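Student: only geometry, no sequence info:
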């Protein structure tokens, strides 16, 4: 019998899992041992809102945190696994003759709380409140910080970006949708991605 690794999201949501759309319930419940979750879809748009900011994001792109550009109609693939209690994801953008991958790992820290560590090597850490709204899962950031080697910096609230992510099921297209927005004080939305994808779980052959 294949054991099932419950995800940090499911642990944080608790009994409210039943309030999620069935497709999202399956997505966030976890991945059986020896298996991998595969998502394939298209981002309607992804990247920084301001041209000047794209240059500043290049160091973070090199560390697999954010895409330092802006593009539309971008095919992407997601690979989800659970290892040592952490939900690990690789999101690969297919950009014509090249590709770029964002890497992150999510941990459970308490009821309605997770921490997401992003990058390779680990570079950005953000804590989130987890909620369920009208069948969708919503993440709202509480704090964010930067990790480079032994250096650790937690940003003060006045400077900290506010990150919101919504995962929902679109009945019209019969696809799962993801919408992320990063906003900064005074500047508003500075980075976003939005798109739809199909998802399946299969045996991990790697």
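Tutor: Great, that's in hand. Keep in mind the model is a prediction, meaning the values are calculated, not measured.
Student: for the record, mean pLDDT for the longest strand seen in the chain?
Tutor: The longest strand of the chain (DSSP state E) is strand 188-203. For strand 188-203, mean pLDDT is 97.
Student: parallel or antiparallel, list what pairs with that strand.
Tutor: Strand pairing for strand 188-203, using DSSP bridges, gives strand 35-48 (antiparallel), strand 175-184 (antiparallel).
Student: to residue 161, which of the ones you listed lies closest?
Tutor: strand 175-184 (5.0 Å; CB to CB). Heads up, the C-betas are built off the backbone N, CA and C, glycines and all.
Student: what residues does that closest one touch?
Tutor: With contacts defined as CB atoms under 8 Å, 6 or more residues apart in numbering, strand 175-184 is touched by 23-24, 27, 39, 41, 161-170, 189-199.
Student: skip the chain neighbours and tell me the closest residue to residue 124.
Tutor: With CB to CB, 6 or more residues apart in numbering as the criterion, residue 124 has its nearest non-adjacent residue at 4.5 Å, and that residue is residue 118.
Student: phi, psi for that neighbour please.
Tutor: Backbone geometry at residue 118, expressed as degrees, to the nearest 10, gives phi -120, psi 140.
Student: pull the residues that contact the helix ranked longest in the chain.
Tutor: Secondary structure of the chain per DSSP state H: the longest helix is helix 22-29. Helix 22-29 is contacted from outside by 4, 6-7, 9-10, 13, 17-18, 20, 37, 135-137, 167-169, 176, 199, using CB under 8 Å, 6+ apart.
Student: any of those residues buried? List them.
Tutor: Among the contacts of helix 22-29, the ones that count as buried by 16 or more other CB atoms under 10 Å are 6-7, 9-10, 13, 17, 20, 37, 136-137, 167-169, 176, 199.
Student: of these, which is the nearest to residue 67?
Tutor: Nearest to residue 67 among these, counting by CB to CB, is residue 167 at 18.9 Å.
Student: now the closest one: which helix or strand?
Tutor: Residue 167 belongs to strand 162-170 when assigned by DSSP states H and E.
Student: for that strand, name the packing helices and strands.
Tutor: Here strand 162-170 touches helix 22-29, strand 124-133, strand 136-148, strand 175-184, going by 3 or more CB pairs under 8 Å, 6 or more residues apart in numbering; DSSP states H and E.
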